[in-house]
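Novice: Need coordinates for the below:
(chains A and B)
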Amino acid sequence: MITDQLGEMVAAALHKVAAAGLLPADNVPRPFFERPRNRDHGDWATNVALVASKGVGKPRDLAQAIADALEASDLIASVEVAGPGFLNFRLSPSWLHDVVRRAASRTDFGTSDTGNGVRVNVEFVSANPTGPVNVVSGRHAAVGDTIAALLEATGHEVTREYYFNDAGRQMLLFGASVAARYLQHFGIEAEVPENGYKGEDVRVLAQELAEEIGEALVDVDPAERDRRMLELAWPPVLERVQRSLERFGTTFDVWFRESTLHERGEVTGAIETLREKGLIEERDGALWFLSSRFGDDKDRVVIRSNGEPTYIAADLGYLVDKFSRGFDRLIYLWGADHHGTVPRLMAAVEALGFDTPAVEIPLVQIVSLVRGGEQVKASKRHGVSVPLDELVDDVGVDAARYTFLTRSIDAPLEFDIDLVKEQAPENPVYYVQYAHARICSILRKAAEEGYEPEVEVARLERLEHPSEDELMRKLASYEEAVPEAARLRAPQRITRYVEELASTFSGFYRDCKVVSEDRELSQARLVLCLATRSVLAGGLGLLGVGAPDRM
RNA sequence: GCCCCCGUAGCUCAGGGGAUAGAGCACUCGCCUCCGGAGCGAGGUGCGCAGGUUCGAAUCCUGCCGGGGGCACCA
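Specialist: Numbers count the residues shown, from 1 in each chain, chains lettered A, B, ... in the order given. Presented below is the predicted three-dimensional model:
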């Protein structure tokens, strides 16, 4: 990448300056480059002189010394000291031509190997199979999937994982709810438990199961019936979850059942490990994990007095399991409503002897749906919840995914269904897709007129119009946008980027006729189109949004 | 009470130490003999408040105000 080259050159100059005694040798910062907002400030700028001169001398003088110490290069057209002490670099056009050729000819433009093959487990959605996937899970699916894609694009080896409970107390409650509806189906009096699942989908499910197994479970002992009902009930629900997510364009490498942790003894093993470290205590008949020693506000029960493990117990086993599978880094994408449990998981990481920075828990804020100007709050656990399938029926997969990815995960997302659907032509997702389709159309037309873009031989120096220059620069910035988005786990940066690129392309399209009598110029512009199409498709690909050839 | 997130344009939100703070929507006014008008151009008000750190703060720190969420032997 260009910033690496510039960085090396400036670093060399810095060391020369330090050797000359103008800068303490033990205080040579690493140069960092950014693209100035204002084009008068060159192509790239660094504040390294401002940083290095802290308490040492005048920044502008140091900047000038660095500029003087720079080795001559074909890459750099000019360097100037500006403002309080910035170094502004103007590059020769060839770097942009190189960018365009690479973007036009390679599908991996924008990707890098900075991840060094680090193995990352990204766990997201992870909703229990008690009902249809809702829109909140939809946001998680889109975000988690894109974070995973960004990590892959930056050279990480990624596993997408979905964790769910298939036993345990909460699920038993689900089994009991289905069982109650099942009995009701046969006209037997029964009531769904107080905190149970009272939704219509549970009734339908119970009915389906009743038709399948008949009255086989009617005369069974109630506790046994609930248990066996659960075993029958969750697999079809999970299948529906899988279908919904697949339709939404999100696939997982691993579907992890909590019960496997108990079967393999990983839960008891983890508790044993903690006990050996003196971090487990028995109180009131329950086993407590002394998590408060690791920053949690209080200790946590891992085994209840009735012998049942708590959720955190499973978390302990799951941590051990994930690390034993060889992951270097674990990302848990959780809903913001789980933030209270973050300290206890991090306590577990530390207590079990794992590397704390290797575990990361980004929190995704809530989704509120607006329909007909009315706000419907969708919470994973309480209140109304709109099925993801319904939303997708309404607005389509591309618009739904794209909209989920326009916001920072820290911001609550207001999803206005009417806006995303009814104003489709003005929706940014279509704007971006339209730009892609339009390029395809131009390339088709060019082919009809006998033009075949030749990336290697095209005379890109013919691209002199300001709009062409803008477009090339925007393409170049994709190489920073992807690593930044990956580093910050910030999908919305890619959404923003593709919108800006589409808009910049529109400017080029307006000002520059691509297919003209001037064959040489046409060739160059076609290569620019190819490059733009490739980057648009690549960016949309990271988002899991389609890049259609026609609309 | 304690913890987390947020407060930027009329609305929904980007930007999260750098030079003149942006986008979409909404509103107004212009543009279609021209490769796709699902488009393009023009028009404008804004970083909640008060301190602090810094050469430089929308950005970092502290306090306050406002909004949302969380504080179980639930998940």
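
Novice: remind me which residues of chain A are low pLDDT?
Specialist: Where chain A drops to pLDDT under 70, the residues are A:27, A:55-56, A:377-384, A:422-425.

Novice: Nearest the geometric middle of it, what residue?
Specialist: A:Ile147 (2.2 Å; Cα atoms, centre = their mean).

Novice: got the contact list for that one?
Specialist: A:122, A:124, A:331, A:333, A:362, A:486, A:489, A:491 (Cβ atoms under 8 Å, 6 or more residues apart in numbering). No exception for glycine: its C-beta is placed from N, CA and C like everyone else's.

Novice: Mark which of these are part of helices, please.
Specialist: The helices, defined by DSSP state H, take in A:Ala486 from the contacts of A:Ile147.

Novice: Can you narrow the contacts of A:Ile147 down to the ones near RNA strand B?
Specialist: By Cβ under 7 Å from any atom of the strand, no member of the contacts of A:Ile147 lies near RNA strand B.

Novice: In the contacts of A:Ile147, find the pair that's most separated.
Specialist: Comparing every pair within the contacts of A:Ile147 by Cβ to Cβ identifies A:Phe124 and A:Ala486 as the most remote, at 15.6 Å.

Novice: Run a quick neighbour tally on A:Leu22.
Specialist: A:Leu22 has 18 neighbours, counted by other Cβ atoms under 10 Å.

Novice: Which positions in the stretch 451-551 of chain A make contact with RNA strand B?
Specialist: When proximity is defined as Cβ under 7 Å from any atom of the strand, the stretch 451-551 of chain A approaches RNA strand B at A:488, A:490, A:492-493, A:496, A:499, A:503, A:506-507, A:509-510, A:512-515, A:549-551.

Novice: quick check: domain ranges of chain A?
Specialist: With domains defined by automatic domain parsing, chain A comprises A:2-92, A:168-247, A:426-543.

Novice: So is the host helix or strand of the residue nearest to the centre of chain A next to RNA strand B?
Specialist: Element membership for A:Ile147 (DSSP states H and E) is helix A:135-153. No: using Cβ under 7 Å from any atom of the strand, helix A:135-153 stays clear of RNA strand B, coming no nearer than 11.4 Å.

Novice: For that helix, list the C-alpha coordinates in PDB.
Specialist: C-alpha atoms of helix A:135-153 as PDB (Å, rounded to 0.1, in the frame of the first residue of the first chain):
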ATOM      1  CA  VAL A 135     -35.300  -8.300  13.300                       C
ATOM      2  CA  VAL A 136     -32.900  -7.700  16.200                       C
ATOM      3  CA  SER A 137     -31.200 -11.000  15.300                       C
ATOM      4  CA  GLY A 138     -31.300  -9.700  11.700                       C
ATOM      5  CA  ARG A 139     -29.100  -6.800  12.700                       C
ATOM      6  CA  HIS A 140     -26.800  -9.100  14.500                       C
ATOM      7  CA  ALA A 141     -26.700 -11.400  11.500                       C
ATOM      8  CA  ALA A 142     -25.800  -8.600   9.100                       C
ATOM      9  CA  VAL A 143     -23.200  -7.100  11.400                       C
ATOM     10  CA  GLY A 144     -21.600 -10.300  12.500                       C
ATOM     11  CA  ASP A 145     -21.400 -11.600   8.900                       C
ATOM     12  CA  THR A 146     -19.800  -8.400   7.700                       C
ATOM     13  CA  ILE A 147     -17.300  -8.200  10.500                       C
ATOM     14  CA  ALA A 148     -16.300 -11.800   9.600                       C
ATOM     15  CA  ALA A 149     -16.000 -10.800   6.000                       C
ATOM     16  CA  LEU A 150     -13.900  -7.800   6.800                       C
ATOM     17  CA  LEU A 151     -11.600 -10.000   8.900                       C
ATOM     18  CA  GLU A 152     -11.300 -12.400   6.100                       C
ATOM     19  CA  ALA A 153     -10.500  -9.600   3.700                       C
END
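
Novice: next one: phi and psi at A:Val367?
Specialist: phi -110, psi 130 (degrees, to the nearest 10).

Novice: I misspoke; the intended subject was A:Glu161.
Specialist: phi -130, psi 140.

Novice: How about A:Trp255?
Specialist: According to degrees, to the nearest 10, A:Trp255 has phi -110, psi 110.

Novice: who's in contact with it?
Specialist: With Cβ under 8 Å, 6+ apart, A:Trp255 has these contacts: A:161-162, A:164, A:238, A:242.

Novice: what's the answer for A:Pro129, then?
Specialist: A:164, A:166, A:234-235, A:237-238, A:241.

Novice: how about the residues you listed, which pair is most distant?
Specialist: A:Asp166 and A:Val241 (12.3 Å).

Novice: which element is the residue located most distally from the centre of chain A on?
Specialist: Here chain A reaches farthest from its C-alpha mean at A:Asp219, the gap being 49.2 Å by Cα atoms, centre = their mean. Secondary structure from DSSP H and E places A:Asp219 outside every helix and strand.

Novice: my guess is A:Ser522 meets A:Ser516, correct?
Specialist: Yes: the criterion here is Cβ atoms under 8 Å, and A:Ser522 meets it with A:Ser516 at 5.5 Å.

Novice: Give me the more crowded residue out of those two.
Specialist: Neighbours were counted for A:Ser522 and for A:Ser516 using other Cβ under 10 Å; A:Ser522 has more, 20 against 11.

Novice: And for A:Glu281, the neighbour number?
Specialist: Neighbour tally, A:Glu281, other Cβ under 10 Å: 12.

Novice: neighbouring contacts of the host helix or strand of it?
Specialist: Taking DSSP H and E as the criterion, A:Glu281 maps to strand A:280-283. Strand A:280-283 is contacted from outside by A:271, A:274, A:287-290, A:299, A:302, using Cβ under 8 Å, 6+ apart.

Novice: Among those, which pair sits farthest apart?
Specialist: Farthest pair in these, by Cβ to Cβ: A:Ile271 and A:Asp299, 13.6 Å.

Novice: Now do the shared contacts for those two.
Specialist: Residues touching both A:Ile271 and A:Asp299 (Cβ under 8 Å, 6+ apart): A:Phe289.

Novice: so A:Ser73 sits in a helix?
Specialist: No: counting by DSSP: H, G, I helix; E, B strand; the rest coil, A:Ser73 is not found in a helix; it is coil.

Novice: Next up, the contacts around it.
Specialist: A:Met9.

Novice: list the buried ones in stretch A:349-356?
Specialist: In terms of neighbour count (16 or more other Cβ atoms under 10 Å), stretch A:349-356 has its buried residues at A:349, A:351-352, A:354.

Novice: tell me the secondary structure for A:Phe256?
Specialist: Three-state call for A:Phe256 (three-state DSSP): strand.

Novice: In the beta-sheet assignment, what are the partners of it?
Specialist: In this entry, A:Phe256 is beta-bridged to A:Tyr163, by DSSP bridges.

Novice: Run a quick neighbour tally on A:Ala127.
Specialist: 22.

Novice: With A:Leu172 instead?
Specialist: Per other Cβ under 10 Å, the neighbour tally for A:Leu172 reads 18.

Novice: Same check on the one 10 residues further on?
Specialist: Around A:Tyr182 there are 27 other residues, counting by other Cβ under 10 Å.
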